[in-house]
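In: I would like the atomic coordinates for the input below:
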Amino acid sequence: MITWLYVPADRPERVVKAFASGADVVIVDLEDAVAPDRKSYARDAAKDLLSSPTPVPVHVRINALDGPLAPADLSALAGLPGVHGLRLPKVVDPLVVQRVSAQAPGLALVPLLESALGVERAFEIASAGVAGIALGEADLSADLGVSTEDGLTWARSRVVLAARAAGLAPPAQSVYPNVRDLEGLRRSCERGRALGFLGRAAIHPAQLETIAHAYRPTEAELARAREIVEAAATDAGALALPDGRFVDAALVEGARRTLSQAETHPPR
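Out: Alright, predicted model coming up:
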C-alpha cells in the first residue's frame, strides 16, 4: 500500500468519491477532521457507509483512546464488513492498544505516535500485536516545538527502525498539509523514501499522484533489483556483479522487496 487518503466521516459524499480516487486505502476520519458538534453524526454516517463491503480497503481513525468518544466509536465499528482496520490516535501505551485489539478482533490496528512519549515507546507499541505504526506529525511538531521537517528527522527514523525491529512493514509518511504545494510534497516524499518509509497519507485526492510517483520504483531500480536477484540465484554466498558492485544477503532481500512492490505498483 502506497497511498492512504483521509476523508472526514461527516462528509459521506466525499467518502464515496474517495473510493474511486485511486487511493490504495481510504481512511475515514472520526477525529481531527470532524468538529466536536458533529462527532455523533460522523459516527452514524460511517456506520451506515461501512455496513456493507467497500471497493477498496477502509481504515477508520477513531477518537482519542483516553477520551469519552472512543468506546462508542469501537462499539459502532467492530464487526462491520466495510472496516478493515483502525487508526488509533495519540498512542503512548501498548497496553491500551492490546485492550482495543480485544474489543475489535480481526481488525488491523495502526497506532499513531503523536508525542515525544509515543515516539520513545515506538518499539513497545509496534510489538503490541499491531499491523503497523505511523507518526502524527502535526501534533508531534507541536509537542517538540519544531517548525520544519528537519526537526522531525530523528523521530521519523526512530519509527522506521521500530517497525523493522518489530517485524512490521515500513510505515507510511504522515500527511503533507499544504495541498497546493505539490513540489514540496514531492521533495518531502523523496526524503521520506530515503529514510525508509513506504507510501504516504494524503488529505486531498490531488496529492495522490505525486505520492504514488515518488514511491514507485524506477525502471533503473527494477533493473538493478532483477540483476541482483538473478545473480544470487546462482550463488548462495556473497558475490560481485560484473561492474564490481558487491552483493550480500541484505541487498538481495532489498532487491526482492523492490520487485514485489513493482507487482502492485508499476515503475515510474
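
In: number of nearby residues for E230?
Out: 11 (other CB atoms under 10 Å). Using the backbone N, CA and C atoms, a C-beta is placed for each residue, glycine as well.

In: same for the one helix or strand it maps to, what does it pack against?
Out: In this structure, E230 sits in helix 219-233 according to DSSP states H and E. Contacts defined by 3 or more CB pairs under 8 Å, 6 or more residues apart in numbering; DSSP states H and E place helix 219-233 against strand 246-247, helix 249-264.

In: Going along the chain, name the helices of this protein.
Out: Per DSSP state H, the chain carries helices over the ranges 12-19, 39-49, 70-77, 94-103, 116-120, 122-126, 137-144, 153-165, 182-195, 208-215, 219-233, 249-264.

In: Out of these, flag the one nearest L88.
Out: helix 94-103 (6.3 Å; CB to CB).

In: What residues sit buried inside that closest one?
Out: Neighbour-count burial for helix 94-103, with 16 or more other CB atoms under 10 Å as criterion, is recorded at P94, V96, V97, V100, S101.

In: which residues touch the most centrally placed residue in the chain?
Out: By CA atoms, centre = their mean, the mean C-alpha position of the chain lies nearest to A172, the distance being 3.4 Å. Residues counted as contacts of A172 (CB atoms under 8 Å, 6 or more residues apart in numbering) are M1, I2, W4, G132, A134, F197, L198, G199, R200, A201.

In: try it again with 6 Å
Out: The contact partners of A172, taken as CB atoms under 6 Å, 6 or more residues apart in numbering, are W4, A134, G199, R200, A201.

In: Surely the second one touches P171?
Out: Yes. With contacts defined as CB atoms under 6 Å, A134 counts as touching P171 at a distance of 4.9 Å.

In: higher neighbour count, those two?
Out: Neighbours were counted for A134 and for P171 using other CB under 10 Å; P171 has more, 27 against 22.

In: Next one: the more buried one from K90, what distance?
Out: The spacing between P171 and K90, counted by CB to CB, to the nearest Å, is 16 Å.

In: next one: A165
Out: Counting by CB to CB, the gap from A165 to K90 is 22 Å.

In: same check, this time on T258
Out: 34 Å.

In: which one of A165 and K90 has more residues nearby?
Out: Ranked by neighbour count (other CB under 10 Å), A165 and K90 place K90 first, with 20 against 12.

In: Please report the distance of the nearest residue to A131 once chain neighbours are set aside from L222.
Out: Using CB to CB, 6 or more residues apart in numbering and skipping residues adjacent in sequence, the residue nearest A131 is A108, 3.6 Å away. Between A108 and L222 the computed distance is 28 Å (CB to CB).

In: Tell me how many other residues crowd the residue nearest to A131.
Out: A108: 16 surrounding residues under other CB under 10 Å.

In: does it really touch L86, like I thought?
Out: No. Contact criterion CB under 6 Å: A108 and L86 do not qualify, at 7.5 Å.

In: check contacts around E114.
Out: K90, G136, D139, L140.

In: Export those as TSV, with columns for pLDDT and distance to Y176.
Out: Listed next are the contacts of E114 as TSV, based on pLDDT from 0 to 100; distance: CB to CB, whole Å:
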residue	pLDDT	distance to Y176
K90	97	20
G136	97	13
D139	97	15
L140	98	14
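
In: what's the closest of those residues to A122?
Out: Of the contacts of E114, the one sitting nearest to A122 (CB to CB) turns out to be L140, at 11.6 Å.
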